[in-house]
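> Could you work out the structure for the sequence below:
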Amino acid sequence: MNIQKTFLLLFIIPLFSFSVHKYYLSLTQIKFKPEAKSVQIIINVFMDDIELALNKDYNIDLQLTTKKELPNNDVYFEKYLREKLQFTLDGTPKKFNYIGKEYENDLVYFYLEIENIASVKNIQITNKILTKHFPNQQNLVKTKVGKVNKSILLNKDETSGILEH
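Next up, the predicted model:
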């Protein structure tokens with residue numbers, strides 16, 4: 001066997017057995033702020049993933065962070081989050097206020113708030129963000145109530161969980 005074939009077999013072919021693997025992960029951070037009597041929520045998702053999902057679901061072309069970005073994109077973001085997220089605090093379903101969003105590098109941060117909350121013992125969350133378009137999507141939820149931190153990992157098959165505090 002000549003040197004080229006040996007090189008091909010030993011070095012090049014094994015490289016093809018490794019493929020680029022993209023991770024599909026969102027992070028939802030929920031914090032109870034007793035002084036504000038509110039639950040504050042920050043969600044971060046990869047920009048290209050949320051853009052693809054909204055473009056497909058609403059037949060739009062967001063073009064995030066470009067000059068052609070839709071000026072009313074918050075309408076679509078809020079609609080999407082209302083469809084994909086539900087919060088129940090101490091057994092009572094709660095609606096959230098959509099505060100806004102920020103872009104940072106390849107992430108979109110969404111800011112939400114649930115007002116008029118005096119105390120929190122448990123938080124039930126349903127999180128279906130991106131699971132329709134990305135079967136491997138995982139949605140990590142972290143909560144902080146007082147000094148107690150809890151977390152749960154949700155996915156397409158398990159979209160809901162309860163965090164006891």
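
> Give the residue spans of this protein that score low on pLDDT.
For the chain, the stretches with pLDDT under 70 are 1-21.

> can we see that at 50?
Along the chain, segments meeting pLDDT under 50 span 6-10, 12-21.

> so where do the strands sit in this structure?
Applying DSSP state E to the chain gives strands spanning 25-33, 38-46, 85-89, 92-94, 97-104, 107-115, 122-127, 138-145, 148-155, 160-164.

> and those strands as TSV, adding mean neighbour count?
Every C-beta, even on glycine, is put in place using the N, C-alpha and C of the backbone. Compiled in TSV, these are given as follows (neighbours: other Cβ atoms under 10 Å):
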stretch	mean neighbour count
strand 25-33	19
strand 38-46	20
strand 85-89	18
strand 92-94	11
strand 97-104	13
strand 107-115	18
strand 122-127	20
strand 138-145	20
strand 148-155	15
strand 160-164	14
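
> out of those, which comes closest to residue 70?
strand 97-104 (12.8 Å; Cβ to Cβ).

> and the closest one, what does it pack onto?
helix 73-84, strand 107-115 (3 or more Cβ pairs under 8 Å, 6 or more residues apart in numbering; DSSP states H and E).

> Could you check how far the residue nearest the centre of the chain is from residue 67?
What sits nearest the mean C-alpha location of the chain, by Cα atoms, centre = their mean, is residue 26, with 3.2 Å. Look at residue 26 and residue 67: by Cβ to Cβ, to the nearest Å, they are 27 Å apart.

> same thing with residue 47?
Here the criterion is Cβ to Cβ. By it, residue 47 lies 16 Å from residue 67.

> quick one, which of these two is more surrounded?
Comparing residue 47 with residue 67 by other Cβ atoms under 10 Å, the one with more neighbours is residue 47, at 17 against 5.

> Would you mind confirming that the more buried one makes contact with residue 65?
Yes - using Cβ atoms under 8 Å, residue 47 makes contact with residue 65 at a distance of 7.3 Å.
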